[in-house]
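pasting the sequence and the predicted model now:
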Amino acid sequence: MENNYQLSRIHNYIHGLMSKEEMFQLEKEALEDPFLQDAIDGYRLQNGVDARQLSLLQQRLNRRVENTIATRHAQYYTWQRLAIGAAAGVLFVVLLALLYFKHFTGKTERTTDVTLSEPENLVTIEPLLDGGDATPLGGWKAFEHYLNNQLKETGIGGDIIVNFTIGKDGLPAQIQAEDTPDQALVEETVRLLRSGVKWQGSKGRLKITFPLKERKNSSQSHVIKPPHCFGIEKS
Amino acid sequence: MNEKELLQHYKTTGDLSALGKLYSPYMSLLYGVCFKYLQDPDRSQDAVMQIFEELIPKLRHYEVDNFKSWLHVYSKNYCLMQLRKDKRTTQVDIEDNLFESEQKLNAQDESKWEESDFEKLEGCMQTLNEEQKECVRLFYLEQKCYKDIADLTGYDLNKVKSAIQNGKRNLKICMERKENGK
């Protein structure tokens, strides 16, 4: 209200509606208060105070303040919405992750199923230790791996037990099949044993299982074998 | 809430309605100041609003002791910047801009005057030129308003005003010099 009081004083001053004492008083105040002096100068230039202008200004200010408060409320709600959105997003991601893990776990189970049935499609060997002391250089696993890579897709299948001795060149020699099964099986066995991997020891006895079907995937040769594969066969 | 509390409240909370309450009483004075420099009603109104916009971030960061005089200087600078942007030749009286620092000096006025001070003042009065001496005497000692002084002396009203303003400033400077010269 100090404001309006000053305003009416300025108005009266400019329009000569003040007594001399009042004029002096205002002038003296203005000397101490450059703000007031500047305002008086301005209104004098404008030839008076326009109250309408000032009330318009007041309205603009009020609107400005209200707008910001309204905007802030709007923003507040926006933040709230954002928070809800973010929470929903997090939940969604968690759900996806859960689904993914479930799916993933299911997949591994299925792979395990496949590998369990897979040995049918792969050459597996059982070293029969009661018949010899020979072991392939690089280990049984590598040997089996090697056999699978070398195997011709003959379409033959079946078990064969072979006895052999290790020659001076480290390769199996005098390879003899027991129970004389299919001749193709014997030939393939001989070919595989003579084709590369060297051995140590003197005698070997081995059971080899050839897959019945053609191998689907030559690269899938890494087989998880049940532990009993390497056990001593009871005869 | 008084002015200081409003300022502090706004500074800490950023509550615009507090700033509005603080600003609103000054708007009519501000409009006058803006009109003095911009000399256009619409521009002056816009300037008042624009200054408010500029205060919104500024008053959250700056510590303002005397809001009124700070606001005055700020708005004046704002208007001068506007004029500079216009590249319009401005007719700003340098006296008015020198006037600013006086508020700070006013604080010392309250101290008690001794006999020697009055003597000094009388001495300083002699250093003023005739116009200033005459106008200052008529205004401060005989308490006449500008219009009366103008009538008495035959000077123009604006001349009276600036003679008093300058005379007052010169006296102050003279008094301070004597004070320090002790």
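Arrived safely, thanks for sending.

then A:Thr209 would be within a strand, right?
Yes - checked against DSSP: H, G, I helix; E, B strand; the rest coil, A:Thr209 lies within a strand.

how far away is the nearest residue to it once chain neighbours are set aside from A:Pro211?
Across the structure, with CB to CB, 6 or more residues apart in numbering or on different chains as the measure, the residue nearest A:Thr209 apart from its sequence neighbours is A:Thr124 (4.6 Å). All C-beta atoms are positioned from the backbone trio N, CA, C, and that covers glycine. Taking CB to CB, to the nearest Å as the criterion, A:Thr124 is separated from A:Pro211 by 9 Å.

these two: which has the busier surroundings?
More neighbours sit around A:Pro211 than around the other of A:Thr124 and A:Pro211, counting by other CB atoms under 10 Å in any protein chain shown; the figures are 22 against 19.

returning to that earlier point: the residue nearest to A:Thr209 reaches A:His145, doesn't it?
No - in this structure, A:Thr124 sits apart from A:His145 without contact. The criterion is CB atoms under 8 Å, and the distance is 11.3 Å.

angles on the backbone of the residue nearest to A:Thr209, please.
Recorded main-chain torsions at A:Thr124 are phi -120, psi 150, according to degrees, to the nearest 10.

what's the answer for B:Thr127, then?
Taking degrees, to the nearest 10, you get phi -80, psi -20 for the backbone angles of B:Thr127.

one more: A:Ile175?
Per degrees, to the nearest 10, the residue geometry at A:Ile175, taken as phi and psi, is phi -80, psi 120.

dump the residue contacts of it.
Contacts for A:Ile175 (CB atoms under 8 Å, 6 or more residues apart in numbering or on different chains) come out as A:Val162, A:Asn163, A:Phe164, A:Thr189, A:Val190, A:Leu193, A:Arg194.

any part of the helix ranked longest in chain A near chain B?
In terms of residue count, the longest helix belonging to chain A (DSSP state H) is helix A:51-117. Yes - counting by CB under 8 Å from any CB of the partner chain, chain B is contacted by helix A:51-117 at A:Gln53, A:Leu54, A:Leu56, A:Leu57, A:Gln58, A:Arg60, A:Leu61, A:Asn62, A:Arg64, A:Val65, A:Thr68, A:Ile69.

so what's the first one up against?
Shown here is A:Gln53, whose contacts under the criterion CB under 8 Å, 6+ apart are B:Tyr31, B:Pro41, B:Gln45.

what subset of those residues is also close to chain A?
Filtering the contacts of A:Gln53 for proximity to chain A (criterion: CB under 8 Å from any CB) leaves B:Tyr31, B:Pro41, B:Gln45.

let me see the domain layout of chain A.
As assigned by automatic domain parsing, chain A contains the domains A:2-49, A:122-230.

if you tally nearby residues, what's the number for residue 171?
You didn't say which chain, so I picked chain A. By other CB under 10 Å, neighbour count at A:Leu171 equals 16.

try again with chain B
When neighbours are counted by other CB under 10 Å, B:Leu171 registers 20.

once you drop chain neighbours, what's closest to it?
According to CB to CB, 6+ apart, the nearest residue to B:Leu171 is B:Cys124 (5.2 Å).

element containing whichever residue of chain B sits closest to chain A?
When scored by CB to the nearest CB, chain B has B:Gly32 as its residue closest to chain A, at 3.1 Å. Remark: B:Gly32 resides in helix B:27-38, with elements defined by DSSP states H and E.

right, I'll leave it there.
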